[in-house]
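1. the sequence and its predicted three-dimensional model are supplied below.
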Amino acid sequence: MPLTLADCIARDGGNASLRGLRERFAPGAPDTLYFDANSIGPMPADAPARMQAVLQQGWAEARRRGWNELDWLEQPAKLGAAIAPVIGAQAEDVRVADSTSINQYKLLRFALALQAPRRVIVVQRDVFPSNRYAAEGIAQAGGAELRFLDDIAALPAALAPGDVAVVALSHVDYRDSTRLDMASANAQVRAAGALSLWDLSHSAGAVAIALRGTDSDLAVGCGYKYLCGGPGAPAFLYVHPRHAEGAWPAVCGWMGHADTFAFEPDYRPAPGPDRFLVGTPPVLAQAAFAAAAAVWREVDPQALDAQHRSLGDTLIQLLDEQCAGFGIELASPREHARRGGHVALRFAHAAPLAQALVHHGVVVSARKPEALRFAPHPLTATHEQLWTAVARLRDLLQREAWRDPRYQQASV
Ligand SMILES: Cc1ncc(COP(=O)(O)O)c(C=O)c1O
Ligand SMILES: Nc1c(O)cccc1C(=O)C[C@H](N)C(=O)O
């Protein structure tokens, strides 16, 4: 029996443990359905008030005293602790700071320092560009040798020479949303004496992740996507405690010094993951992220995962039933455990079709060459919204709206 609108509305009644959290977020623009949590997650409703409080009490009034009297310097650890459960880490092992690209660089270099004299980085050839660029930059400076991975099935061959220091893997592909098996990859990496470095940008805050449970070594990921930290939010980094004090950090700064305000001439790394902090934290951005952190402290990761699965499976079923025969097909794996935050479709005219959808109030994104990405946020999207979105998609496909010259401009 095909899914009906009533079925979708009924599915919205499930998942009691997340009930009430949706209201903690701002509704967004009227008549607009947002499926772009893989770009910028929804805004917690109290983010503006929290930022305003920092502007008034912190900037206008406290100014420099803010560093002593407010918790600005504690936020990298506090925010990290709040998001730790959804990535399956211990609270004390996560820090929020810098960008994902910067953290990727920092932890690649840190892994190389831990693993000397090994100097091979294994990195996916066709991956989110910044991940590859970070490795290429280190190699270009003479700090490593690169070995490209064309497919996860080739990991044993890449590890076989026994010289690999670190394997950098994107947990979820940013185009087709394929999710790698973290436990299996980690076991292979560990058996070869190498370290794993995961980019969790397209899974953190969408699905339950078990960094500790799968014995991952290192991880990074974006704060502004499913974690809802706000546009340009700082990223997170995770270092397994067995490594945290094994070497100096790649970028030594005063915020990572053992005694920041002693202003000592010599560098001494702070204990634990605080050494991965570098410079002054972005206080306003942290205030926005703190609004999301307050929500994450209440989220049961398994309930989040179940809701993500329900939304994704519903979307796939609706697409199967309503959009067959238009040259559009599922690009993501069907099995939830193999799928990341978004559901991707393959369509020859993905970019103009995405623009047509946005124009009709369904915010999705496209990535070259042919991916059309739906990224519902598990804490805010509803099954009913998916029904409406797929009905609009069907209508646009029927009318071949993607041919409209208005939708041919490039867009991020
Ligand atoms: C997988 C992945 N890694 C890294 C990034 C870049 O993160 P940042 O801009 O914070 O460096 C993105 C998206 O922008 C991404 O999708
Ligand atoms: N981070 C972005 C940005 O600063 C500008 C435009 C887009 C983005 C994105 O998030 C891209 C995203 N990582 C992607 O998967 O395509």
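-> It's in. Numbering: from 1, shown residues only. Ligands and ions are numbered 1, 2, ... in the order given.

2. what about the residue of the stretch 251-400 of the chain found nearest ligand 2, distance to Gly232?
-> Closest contact between the stretch 251-400 of the chain and ligand 2, by CB to the nearest ligand atom, is at Arg367 (5.8 Å). For glycine as for every other residue, the C-beta is placed from the backbone atoms N, C-alpha and C. Noted for Arg367: a distance of 20 Å to Gly232, by CB to CB, to the nearest Å.

3. can you check Ala192 too?
-> From Ala192 to Gly232 the distance is 37 Å (CB to CB).

4. ok, the residue of the stretch 251-400 of the chain closest to ligand 2 - contacts?
-> 174-175, 350, 373 (CB atoms under 8 Å, 6 or more residues apart in numbering).

5. which among the residues you listed gets closest to Ser39?
-> Checking the contacts of Arg367 against Ser39 with CB to CB, the nearest one is Arg373 at 8.7 Å.

6. can you give me the helices in the stretch 201-350 of the chain?
-> Along the stretch 201-350 of the chain, the stretches classed as helices by DSSP state H, counting those that start in this stretch are 283-296, 301-322, 350-359.

7. mind checking what helix or strand follows the last one in sequence?
-> Where DSSP states H and E defines the elements, the next helix or strand beyond helix 350-359 is strand 362-363.

8. quick one: the helix or strand that that following strand is followed by near ligand 1?
-> Next along the chain after strand 362-363, taking DSSP H and E as the criterion, comes strand 365-367. No - using CB under 6 Å from any ligand atom, strand 365-367 stays clear of ligand 1, coming no nearer than 9.7 Å.

9. how is this protein partitioned into domains?
-> 5-45+300-407, 71-296 (automatic domain parsing).

10. pipe those into TSV and attach distance to Ala53 and mean pLDDT per row.
-> Shown next, in TSV, are the domains of the chain (distance: least, CB to CB, whole Å; pLDDT from 0 to 100):
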stretch	distance to Ala53	mean pLDDT
domain 5-45+300-407	14	97
domain 71-296	7	98
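
11. in contact with His202: list those residues for me.
-> With CB under 8 Å, 6+ apart, His202 has these contacts: 38, 170-174, 177, 225, 340-342.

12. which among the residues you listed are in contact with ligand 2?
-> Within these, those near ligand 2 by CB under 6 Å from any ligand atom are 38, 174.

13. restricted to strands, list the contacts of His202.
-> Within the contacts of His202, residues falling in strands by DSSP state E are Ser170.

14. neighbour count and distance to Gln104 added to the contacts of His202, as CSV?
-> What follows is the contacts of His202, written out as CSV (neighbours: other CB atoms under 10 Å; distance: CB to CB, whole Å):
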residue, neighbour count, distance to Gln104
Asn38, 28, 18
Ser170, 24, 10
His171, 26, 13
Val172, 27, 15
Asp173, 22, 16
Tyr174, 22, 14
Ser177, 26, 20
Lys225, 28, 15
Gly340, 31, 18
Gly341, 30, 18
His342, 31, 21
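
15. now, which of the contacts of His202 sits nearest ligand 2?
-> Tyr174 (3.7 Å).

16. Lys368: neighbour count?
-> Lys368 has 8 neighbours, counted by other CB atoms under 10 Å.

17. tell me which element the closest residue to Phe326 other than its chain neighbours falls in.
-> Spatial nearest neighbour of Phe326, chain neighbours left out: Leu397 (4.0 Å); criterion: CB to CB, 6 or more residues apart in numbering. Using DSSP H and E, Leu397 falls within helix 383-398.

18. buried set for that helix?
-> Within helix 383-398, the residues that count as buried by 16 or more other CB atoms under 10 Å are 383-387, 389-390, 392-394, 396-397.

19. how close does Gly221 get to Asp31?
-> Distance from Gly221 to Asp31, by CB to CB: 32 Å.

20. out of those two, which sits in the busier spot?
-> Between Gly221 and Asp31, Gly221 has the larger neighbour count (other CB under 10 Å), namely 27 against 7.

21. spell out which parts of the stretch 151-300 of the chain neighbour ligand 1.
-> By the criterion of CB under 6 Å from any ligand atom, the positions of the stretch 151-300 of the chain lying close to ligand 1 are 170, 174, 199, 201-202, 222, 235.

22. return the member of those residues nearest to Ala81.
-> Nearest to Ala81 among those is Ala235, at 15.6 Å by CB to CB.

23. ok, and the closest non-adjacent residue to the closest one?
-> Nearest residue to Ala235, sequence neighbours excluded (CB to CB, 6+ apart): Thr100, at 4.2 Å.

24. next: Ile83.
-> Trp296 (5.3 Å).

25. pretty sure that neighbour sits against Pro85.
-> Yes - here Trp296 reaches Pro85: they are 7.5 Å apart, a contact under CB atoms under 8 Å.
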